Structures are given as C-alpha cells and as structure tokens.
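Visitor: heads up, no residue letters with this:
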C-alpha cells in the first residue's frame, strides 16, 4: 500500500520552501504520496480544515524544524501571525500527548545540523533526519517505506526481498503572488478606530475620507508611507476602499469600511512579473472596521454626495489636536474610485471582493 506523508513547515525563506518542495518531490519519486501546501492554490474547505485532513490521513507527518517553526510552536502570545504553523503545531502536539509518547507518526526533520536546537521539546526524544544529507535522506525514505536495515527479522524467517515500488509523478508548485498596501505590524500598532469625513457644503473642494487611529504617530507613518508609494494621486486605483451599508436591521446607520488592494491593479502587477493570473494564487491583506454612528447621522451620505459631484476624493490620516480632529494634508492621496455597497449585494456572491467583511457571520 502506498504510504502517505504530509510535510509541515514554516514559510521562513524561499530557500527553505524550495528545499521542502525538493524533499516532497524526492519522496514522490520513491513511490511515497507526499503532500505539501505548495501543491495547492486554495483548497475548497479552507486551509485549516485542509491541514487537519492532511495530518489525520497521513501515515507519517514530517515536521521541518526550523527557527521560525520553533518560535511559532512556542508562541503563546495570541498573536495572529503565523496561524498556519500554529494550527498545524497545535494538532501535532495534541496528538503527541494523546499517543502518550508512543509516537511513530510524527518525524522531526532538519535542513542542517544547526537546526537540531530548533526541534520542539515534544519531538526531541525521537530520531530526526537531515533531509539535505543524502545518507540521512535515504534512511528517512527507508523508514517511511518500512525498509529499515536495522529492523529485526522474525526468528527463522527468510530475509525480505525489497519489492519494486512504482514512483509517483512530481507535482508542480503553484505560483503565489503576495501584494498588499497594508503593513500588518504598523496597522496593529496604530489601532484603527474609525472614519472622519471632511466635506465642503458649498462644494468648493472634493471631500476627504480620513482614518482615525488610536496611535497618531503610527497612523502618520502608515499614510506617509502610502504617500511615498503612490504620490499625490493613486493613478491605478490600487487602493480599494469600500463602504458597506445596511448591515443591521436594528442599527440602520451602521456600516463597515473595508480597505485593501484593487484586484484589477494586482492582475497588472502579476502580468508585469511574468505570472499568468489564471495559474497563480494571489494573497493579500485587508483591514475592516465597523462604524456605529448615532441615529440620524448624515456624515457618510454627505461624503457620498460630494464624491458624486466631484468624481474624486482624498484619503489621509486624521490626528487629534487640542481635542479636535484634524486631517493631515501632507498625506492627502487623490482617488477616483470608491465602492458604496450594501450587505445584500455583497453576500449574494461568495467570490465578492468584500465578502470577507461578513466571513465570520
């Protein structure tokens, strides 16, 4: 019976990802059904369920013990970064504890000898293999196939003849393109708290959509960086801003704000990088904030009216100066496109760009 292997690792570097891909393809060439996330674009059941299924169905799970994997495995801070590795690690540790140290399924592997210190504590009692070492890699392959030379034969039994194992075809790695206007660490530090609109009732100037942050300095850094990236005008409309209303029957003035990257602009970037958008996976980061204005608030409506008149608007950060909200005019970025949506429009299409706003409901 074909042995099934799942390789768990942290996306620490391109070099490590390449090594893991080479390891998986080597195992497949030896008749072992090896799976890694690089073979997948976007599993229908979602990454957490896909990872859980791979771990449960595998005969062996190879745990690539690198520095980042070790840190994620020992991170109990609640930080959401590295959730993939944390999810896999939790499942692995849970099953190790269930096995009560009688483990034969989870095998620690390392890229080089220096990584022995990165083997998580629950896996330290077990034999590890260095997959960049040909002799150690051969031993790993033999262990998975049950061909270990150190295996004790039954008394009186004839020596086993190694049966021919048909190689499996290697799998191609799917191209993954990451692009985002969101600096995750900086946005986490800034703590986005809401929106403030600046609109001229006499319609002498285009309106401003201002972002209010708890940390003014971090908010300033966010928009000064965006200003350096896009200049005075977001000519390609890469910054995508959506206002989604009618999200609650009980609070009809509530709405959600969604900021991220416009997919059409990303497609152009992918093509410029020589990637085929139809054969690649785009990964981006967005931010969502729910606004709960008082009943009767007209702020968003006035902003929308001014936008419809000028067909443009500006975005920037808002600072609190002497208790007053003040837009940072140095960071103004002119935009032409904005999306005014309703919840019903968004949720009817599971592939809508704003569907993530309601993903947990």
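Guide: Now that the structure is in, tell me what you want to look at. Here the structure is a predicted model, which means the values were calculated and not measured.

Visitor: where does the stretch 201-350 of the chain dip in pLDDT?
Guide: 270, 273, 275, 277-283 (pLDDT under 70).

Visitor: now the helices for it?
Guide: Secondary structure of the stretch 201-350 of the chain (DSSP state H, counting those that start in this stretch): helices located at 216-230, 263-272, 299-310, 343-347.

Visitor: for residue 125, which of these is the nearest?
Guide: Proximity to residue 125 (CB to CB) singles out helix 216-230 among these, at 44.5 Å. In this view, the C-beta of every residue, glycine as well, is placed from N, C-alpha and C.

Visitor: flag every buried residue along that closest one.
Guide: Residues of helix 216-230 classed as buried: 216, 218-223, 226-227, 230 (neighbour count, 16 or more other CB atoms under 10 Å).

Visitor: which residues of the stretch 151-300 of the chain fall in strands?
Guide: 175-178, 192-198, 208-213, 239-245, 255-261, 280-283, 287-291 (DSSP state E, counting those that start in this stretch).

Visitor: list the contacts of residue 291.
Guide: Residue 291 sits next to 194-195, 254-257, 300 when contact means CB atoms under 8 Å, 6 or more residues apart in numbering.

Visitor: by neighbours, which of the residues you listed wins?
Guide: Greatest neighbour count in the contacts of residue 291, by other CB atoms under 10 Å, goes to residue 255: 25 neighbours.

Visitor: I'd like to know how far the residue lying closest to that residue once chain neighbours are set aside sits from residue 230.
Guide: Leaving aside its chain neighbours, residue 255 sits nearest to residue 245 (4.4 Å; criterion: CB to CB, 6 or more residues apart in numbering). Residue 245 sits 27 Å away from residue 230, going by CB to CB, to the nearest Å.

Visitor: likewise for residue 141?
Guide: Distance of residue 141 to residue 230, computed by CB to CB: 51 Å.

Visitor: mind checking pLDDT for residue 146?
Guide: Among the per-residue scores, residue 146 holds a pLDDT of 88.

Visitor: torsion angles phi and psi at it?
Guide: Phi and psi for residue 146, reported as degrees, to the nearest 10, are phi 70, psi 30.

Visitor: separation between it and residue 267?
Guide: From residue 146 over to residue 267 the distance is 48 Å, taken as CB to CB.

Visitor: all set now, cheers.
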